[in-house]
Structures are given as C-alpha cells and as structure tokens.
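Peer 1: sequence first, then the predicted structure, then my questions.
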Amino acid sequence: MATPVQHDPAVAPTSSAAYEPAVEEQEGRSKRPIVLLILALVLLVGGYFGYQRYQFGQTHEETDDAQVEGDVYPILPRVTGPVLEVKVQDNQQVKKGDVLVTVDPADYQQRVNAAEAALAAAQANVVAARAAVGTAQANVSTAQATIGVSDANRARLEKDLKRSQFLRKEDIIPQSEYDAVQANLKSTTAQRATAQQQVRVAQQQVEAARQQVAVAEAVVKQRQADLDNARLQLSYTTITAPGNGIVSRKNVQPGQVVSPNQQLMGLVASGNTWIIANFKETQLENMKVGQPVSVEVDAYPNEEFAGHIESLSAATGARFALLPPDNASGNFVKVTQRIPVKIVLDKVDPEHPLRAGMSVVATVKVK
C-alpha cells in the first residue's frame, strides 16, 4: 500500500511569499508608462496654452482698469423760487425739450409786466421828442419868414428915405416926415437883427430836440433790453431736458425753494456711451488710433463687444488730479503712470445696453 506523501509546511509558505513580490513589481511596471504618458500630455497641453498666451501677449495689450463713460447732464435752475411741479421720476426716459420742473413764475411775470409798461412810456417819450423837433423846425421857418419880411420892408424904406432926402432938400416935405422915414428904417433893421437871432435860437432848439429824440430812443432800447431779460428770466422758470436720456438722482420736490446752480437731478444720455481704459504707460508703445479692441463687460460675462481706439489722452490721469504730483519736491519714488484711452464700440447692441460706470476689460490688438 502506498504511503501518502507529506508536504513540509515550512516549504509551501516560502514559495508563495517569493511569488507575490514578483506580481506587484510587474503591476508597478505596467502603471508607470501610463503615469508618464499623462504627465507628458499635461506638460504638452500646458506648454501649448502657455505658448498661445505668450503669443497673445506679444500682439495684445489688456487692462481691467476701464469703465463705461457717458454724458451726464446736470439739471440746474437759473432762477430762485418755490417749485410748483416735478413732472418726472427717477429712471424715467425723457426726450429733449420735455418739461422736468416748473418754478413759480408769479414774481417773474410781474417783472415782465413792469418792463412792458416802462417800454411803452419810453416809446411815448420818443413820439413827444419827435413832435418837439417838428415844433422847433416850425419856429425856424417862422423866424426865417420874419427875416424876409424885414428885408422887404427895409428895401422899401431905403427907397422912401432916398425920395425923402430929395424932397427935403427941395423943402417939399417937412423935417418930421423925413425923420419918421429914417426912424422906420432903423426899426426895420433892428427887427431883422432880432429875427436872425430868433432863427439861431430856433435852430439850436431843433438840435436840442433831435438830441432828446436820440436820448428817448436809447431809453427805448434799454427798456426793450429790460423786457427781454425779464422774459428770459420768466422762461427759466420752466426747466426742460437738454437732450434725450434717463433721469437719475432726482433731488427735488414740489414746494421746495431752489436757487441758481443747485443740482436738482442728473440726466444720463441714453444714446452716447464710450469706454475709458487706463493703460500703463509701458503698454502704449505700439498703441495707435483705430486699432481694434475687444471689450468684456462684467455685467454681461458671456458677451464680447467689438470696438476701436478713437483717441489717446495727451496727459496721464495724475496730471488732472486735484493735487497733481510734484516730483521736484521731497523724495522721489517712480510709479508707473496710466494714460486714459478712449474706446468706442463699432455698433450698439440694444439687448445689452451699456450704462455709465460699468466695469469692463479692454484688450487692444496692437500688432
């Protein structure tokens, strides 16, 4: 009978322990190429995108120090008075010429009425002055006619005197009659001198009357100017929109007493917006007017707007500050300055309106 073979328990565990490390080593070797492949792929993709970003940086300049700008009209009264009515509300769309606020016009209407009365009185004075000129001219004509009569009488009396002298020598007429003719001639001569003086006085009166007409006409012009100014002040009681836009920051209520240059509200122009991008001075080497610009607006993260450079500022933003830097005083620390660049969009997207103050990212293609 065969004897069963007995295995030594110490031998079997030893062979199993030797086999397992070999399997693990084979599995580790099989995973290592995959890890290296993935690492190489990551490096390749990263290098590709890095190169693309480098190439993009060589041909583009970008800044996030940019915002949308627009015309904002301050609505300011030009006269003092209580507000009768406010016809608009915040964020209301208005058109050019629409009435925004009305100020009580009673005081200014009274000034217009007074100016109209003063103008009418001045015009009446002109009529009276012109009539005085006519009267003075008539006096000149009367005095000149008196001179003519005196000349005729004098000529007649001179002839009478010559006859009287002949008749007196012949003793035909008495001495008294001769003396009477001689006295009448002297009287006529004196009357003529008086008439000449009256002509000169009348002519002076004509000149004075004409001066009065000129003064009266000047007063009429002054009164007309006063009336025009009063009407202008009256027109200021109605405050209208200077352009199309949207009412913002309304700060006026009916019954409030307003004064000149007090801002009542702002009117943001709805049809004219642009972008001011503040690029560093080191980014402007290749930047020129007309270059295309890609604009990303924070309010519309999925939209991209196309535009172009319209102009570059002639000075840095710091030069327009309330207290511009003075590098000649104190210690000097060099700081990179920024230049405002104006960018306009090529077309307006009505579905994505831009509002003044929005933050944007501007990218200029410089090459």
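Peer 2: That came in fine, so what should we check first?
Peer 1: and stretch 232-251, which residues are buried?
Peer 2: By neighbour count with 16 or more other C-beta atoms under 10 Å, stretch 232-251 contains the buried residues 233-234, 236-237, 239-241, 244-247, 250. In short, each C-beta sits where N, CA and C put it, glycine included.
Peer 1: reformat those as JSON lines; add pLDDT and distance to Trp274.
Peer 2: Converted to JSON lines, the buried residues of stretch 232-251 look like this (pLDDT from 0 to 100; distance: C-beta to C-beta, whole Å):
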{"residue": "Gln233", "pLDDT": "95", "distance to Trp274": "37"}
{"residue": "Leu234", "pLDDT": "95", "distance to Trp274": "38"}
{"residue": "Tyr236", "pLDDT": "95", "distance to Trp274": "32"}
{"residue": "Thr237", "pLDDT": "95", "distance to Trp274": "35"}
{"residue": "Ile239", "pLDDT": "95", "distance to Trp274": "27"}
{"residue": "Thr240", "pLDDT": "95", "distance to Trp274": "26"}
{"residue": "Ala241", "pLDDT": "94", "distance to Trp274": "21"}
{"residue": "Asn244", "pLDDT": "89", "distance to Trp274": "16"}
{"residue": "Gly245", "pLDDT": "89", "distance to Trp274": "15"}
{"residue": "Ile246", "pLDDT": "91", "distance to Trp274": "17"}
{"residue": "Val247", "pLDDT": "93", "distance to Trp274": "21"}
{"residue": "Lys250", "pLDDT": "93", "distance to Trp274": "25"}
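Peer 1: starting from the helix or strand of the chain with the lowest mean pLDDT, tell me the next helix or strand along the chain.
Peer 2: Taking mean pLDDT, DSSP states H and E as the measure, helix 11-59 is the helix or strand of the chain with the lowest mean score, a mean of 67. On the C-terminal side of helix 11-59, the closest following helix or strand by DSSP states H and E is strand 60-75.
Peer 1: would you mark the buried spots in that following strand?
Peer 2: 61-63, 65-71, 75.
Peer 1: check stretch 108-122 too.
Peer 2: Going by neighbour count (16+ other C-beta under 10 Å), the buried part of stretch 108-122 is 108, 111-112, 115, 118-119, 122.
Peer 1: what about the residue positioned nearest the centre of the chain, distance to Val101?
Peer 2: In the chain, the centroid-proximal residue (C-alpha atoms, centre = their mean) is Tyr73; its distance is 9.5 Å. Distance, Tyr73 to Val101, by C-beta to C-beta, to the nearest Å: 14 Å.
Peer 1: how many neighbours does the closest residue to Ser359 other than its chain neighbours have?
Peer 2: Closest residue in space to Ser359, ignoring its immediate chain neighbours: Asp298 at 4.6 Å, by C-beta to C-beta, 6 or more residues apart in numbering. A total of 11 residues lie near Asp298 under the criterion other C-beta atoms under 10 Å.
Peer 1: of the buried residues of stretch 108-122, closest to Ser329?
Peer 2: Nearest to Ser329 among those: Tyr108, at 52.6 Å, using C-beta to C-beta.
Peer 1: who's in contact with that closest one?
Peer 2: Applying C-beta atoms under 8 Å, 6 or more residues apart in numbering to Tyr108 gives the contacts 79, 81, 230, 233-234, 236-237.
Peer 1: max pairwise distance over those: which two?
Peer 2: The distance between the two most remote of those (C-beta to C-beta) is 14.2 Å, for Gly81 and Ala230.
Peer 1: still on that earlier bit, wait, the residue nearest to the centre of the chain touches Gly266, no?
Peer 2: Yes - if you go by C-beta atoms under 8 Å, Tyr73 and Gly266 touch, sitting 7.0 Å apart.
Peer 1: which strand residues bridge the residue nearest to the centre of the chain?
Peer 2: Counting by DSSP bridges, Tyr73 forms beta bridges with Leu267.
Peer 1: I appreciate the help and will end here.
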